[in-house]
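> turn this into a model:
(one chain, ligands or ions: 2)
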Amino acid sequence: MLLRKATAALGGCLRQQLPRDVVVPLATAHQHQRRWLSNGGRKTHPKILITGGLGQLGVECAKLLRSQYGEESVILSDIIKPSSEIVNSGPYIFADILDFKGLQKIVVDHRVDWIIHFSALLSAIGEQNVPLAVRVNIEGMHNVLELAKQYKMRIFVPSTIGAFGPDSPRNPTPNVTIQRPRTIYGVSKVHAELMGEYYHHKFGLDFRCLRFPGVISSDPPGGGTTDYAVAVFFEGLKTGKYQCYLKPDTRLPMMYIEDCLRSLLEFMTAPEEKLQRRVYNVTAMSFTPEELVEKLSKYIPELHVSYRPDSRQLIADSWPQIFDDSEARRDWGWQHKYDLDKLVDLMVRDVTENYIKKAPN
Ligand SMILES: NC(=O)C1=CN([C@@H]2O[C@H](COP(=O)(O)OP(=O)(O)OC[C@H]3O[C@@H](n4cnc5c(N)ncnc54)[C@H](O)[C@@H]3O)[C@@H](O)[C@H]2O)C=CC1
Ligand SMILES: CC(=O)[C@H](N)C(=O)O
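Ligands and ions are numbered 1, 2, ... in the order given. Down below sits the predicted model:
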């Protein structure tokens, strides 16, 4: 079905291709970006491509966007072989972020309006393979940015608390401050923020970027420094034990996935005139491993957590403790819904019902 649609669209769309170095006047870019809002009086939806879509954020993001815009409007993509559940839940396509032509074909064939660019190597895994992180996080970003410029798409790129470093104020960390991160992940995200802002000012690109804290959900995280806050639920509920790789008093900003994805959607649909800037901090709460364990112990009284800090401790020690997202709250009305109590309650129920009870004995 997708293939048929793509083939039919191909002939017409190729004619719209612009030369790579074309400078798009601001007014034209905005007109084009708004075209999905009305189509001869009929309301239509943006066609959305999610890159790196089979990670912790992508699958849930597709669910949320499909609930808003319809199943066929959201194309999940990644380099991973999808499960049958993914394939049955809506369009899925192979897309390597390093393959510019391949991405270009997808954008053209499917008449993509928005790119949600999730492909990345996260903080801990990035340190284990710096050359690959440079390619995926920096070259990959260049590819989507250039495509977004050429085809006048709205583009969302997540940044992170990891875009700050030991020279940044940590408590609180404001929206604009010193950013000298010490991981390749952080360096690549600062680069993405600056490139996106530059393309916005120079070419009128509708670049939107939120700096997320650690995101907590029952989908497995991809190798970050904040992953303990997911792993402790799985290990704690399964075995009653967990060995934490951060010290008990390591405070980091965090957010439940529903808040994270709602912030993304609200930000993507916020009117341009409300946006004072293109990169905003967003968060919901901050806690330490021992504070999380104390809450979790109410559900698992026998829970035993030991602490054995590893190289991730150094990363966490350079990141914000309290994230100041007052500018997002002021400019486009960001409000979180989930605090630590609600988050723990939801995670315990979700992991118990959907993983522990369903696991083969
Ligand atoms: N999960 C979190 O706590 C946070 C995530 N973010 C950002 O959100 C985005 C999504 O994060 P997660 O879903 O947690 O990451 P993840 O690590 O779970 O997923 C990343 C996906 O990128 C894909 N990928 C890797 N190389 C690729 C390539 N060459 N072409 C296409 N795809 C490729 C991987 O297969 C993977 O499915 C990332 O950019 C991350 O930096 C930001 C802050 C917090
Ligand atoms: C906060 C992030 O960006 C991510 N979860 C990581 O720990 O690398």
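> quick one, phi/psi of R154?
Main-chain dihedrals, R154, degrees, to the nearest 10: phi -80, psi 140.
> F323 now?
When read as degrees, to the nearest 10, the backbone of F323 gives phi -100, psi 130.
> same question for V230.
With angles defined as degrees, to the nearest 10, V230 shows backbone torsions of phi -100, psi -50.
> could I get the pLDDT score of it?
Model confidence at V230, given as pLDDT, is 98.
> could you pull up the contacting residues of it?
For V230, the contact set (C-beta atoms under 8 Å, 6 or more residues apart in numbering) comprises I216, S217, S218, P220, P221. Quick note: C-beta positions are derived from backbone N, CA and C, even for glycine.
> select only the buried ones of these in PyMOL?
In PyMOL, selecting the buried portion of the contacts of V230, with burial taken from 16 or more other C-beta atoms under 10 Å, looks like this:
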select buried, resi 216+217+218+221
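> ligand 1: which of the contacts of V230 is nearest?
Here the nearest of the contacts of V230 to ligand 1, counting by C-beta to the nearest ligand atom, is P221; it sits at 5.5 Å.
> so which one among the contacts of V230 has the lowest pLDDT?
For these, the least confident position by pLDDT is P220, scoring 87.
> residue contacts, that one?
Applying C-beta under 8 Å, 6+ apart as the definition, the contact partners of P220 turn out to be Q56, V230.
> check the secondary structure at the nearest residue to P181 once chain neighbours are set aside for me.
Counting by C-beta to C-beta, 6 or more residues apart in numbering, the nearest residue to P181 once its immediate chain neighbours are dropped is G165, at 4.1 Å. G165 carries the three-state label coil when classified by DSSP: H, G, I helix; E, B strand; the rest coil.
> just flag the most distant two among the contacts of V230.
With C-beta to C-beta as the measure, no two of those lie farther apart than I216 and P220, at 11.7 Å.
> sorry, back to before: neighbours of the residue nearest to P181, how many?
Using other C-beta atoms under 10 Å, G165 has 20 other residues around it.
> before we move on, what's the pLDDT of it?
What the model reports as pLDDT for G165 is 98.
> tell me who's in contact with G53.
V59, C61, A62, L76, S77, D78, Y92, I116, F118.
> could you measure from the fifth one over to E272?
Shown here: S77 relative to E272, a distance of 27 Å by C-beta to C-beta, to the nearest Å.
> between those two, who's got more neighbours?
When S77 and E272 are compared on other C-beta under 10 Å, the one with more neighbours turns out to be S77, at 26 against 10.
> and the gap between the more buried one and ligand 1?
In this view, S77 and ligand 1 are 7 Å apart by C-beta to the nearest ligand atom, to the nearest Å.
> how about that residue: what's its closest non-neighbour residue?
If the residues on either side of it in the chain are set aside, S77 comes closest to A95, at 3.6 Å by C-beta to C-beta, 6+ apart.
> equivalent analysis for V232, please.
Counting by C-beta to C-beta, 6+ apart, V232 lies nearest to Y242, which is 4.8 Å off, once chain neighbours are set aside.
> okay but the one you found is in contact with L303, surely?
Yes. Taking contact to mean C-beta atoms under 8 Å, the distance of 7.5 Å between Y242 and L303 places them in contact.
> settle it for me: which of the two has more neighbours?
In terms of neighbours (other C-beta under 10 Å), Y242 is the more surrounded of Y242 and L303; the figures are 23 against 19.
> what lies in contact with the helix or strand harbouring that one?
Y242 belongs to strand 241-244 when assigned by DSSP states H and E. Contacts of strand 241-244 from elsewhere in the structure, counted by C-beta under 8 Å, 6+ apart, are Y228, A231, V232, E235, G236, P289, L303, H304, V305, S306, Y307, R308.
> distance of the nearest residue to Y245 once chain neighbours are set aside from ligand 1?
Leaving aside its chain neighbours, Y245 sits nearest to D310 (4.7 Å; criterion: C-beta to C-beta, 6+ apart). Per C-beta to the nearest ligand atom, D310 is found 18 Å from ligand 1.
> what do you get for V344?
Applying C-beta to the nearest ligand atom, one obtains 17 Å for the distance of V344 from ligand 1.
> confirm that residue sits in a helix?
Yes. Read with three-state DSSP, V344 is one of the residues of a helix.
> contacting residues for it?
With C-beta under 8 Å, 6+ apart as the criterion, the residues that contact V344 are L292, K295, L296, Y299.
> contact partners for the residue in the stretch 101-250 of the chain that ligand 1 sits nearest to?
Relative to ligand 1, the nearest point of the stretch 101-250 of the chain is G222 (2.0 Å; C-beta to the nearest ligand atom). When the contact criterion is C-beta under 8 Å, 6+ apart, the partners of G222 are G55, Q56, L121, L122, I125.
> in helices, which of those residues fall?
In helices, defined here by DSSP state H, the members of the contacts of G222 are I125.
> can I get the contacts of G222 in a markdown table including neighbour count?
Converted to a markdown table, these look like this (neighbours: other C-beta atoms under 10 Å):
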| residue | neighbour count |
| --- | --- |
| G55 | 22 |
| Q56 | 24 |
| L121 | 25 |
| L122 | 22 |
| I125 | 16 |
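> for the stretch 101-250 of the chain, which segments count as strands?
Assignment of strands within the stretch 101-250 of the chain using DSSP state E, counting those that start in this stretch yields the ranges 114-117, 154-156, 159-160, 207-212, 214-216, 241-244.
> CSV for those, including distance to ligand 1?
What follows is the strands of the stretch 101-250 of the chain, written out as CSV (distance: least, C-beta to the nearest ligand atom, whole Å):
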stretch, distance to ligand 1
strand 114-117, 7
strand 154-156, 10
strand 159-160, 4
strand 207-212, 4
strand 214-216, 4
strand 241-244, 17
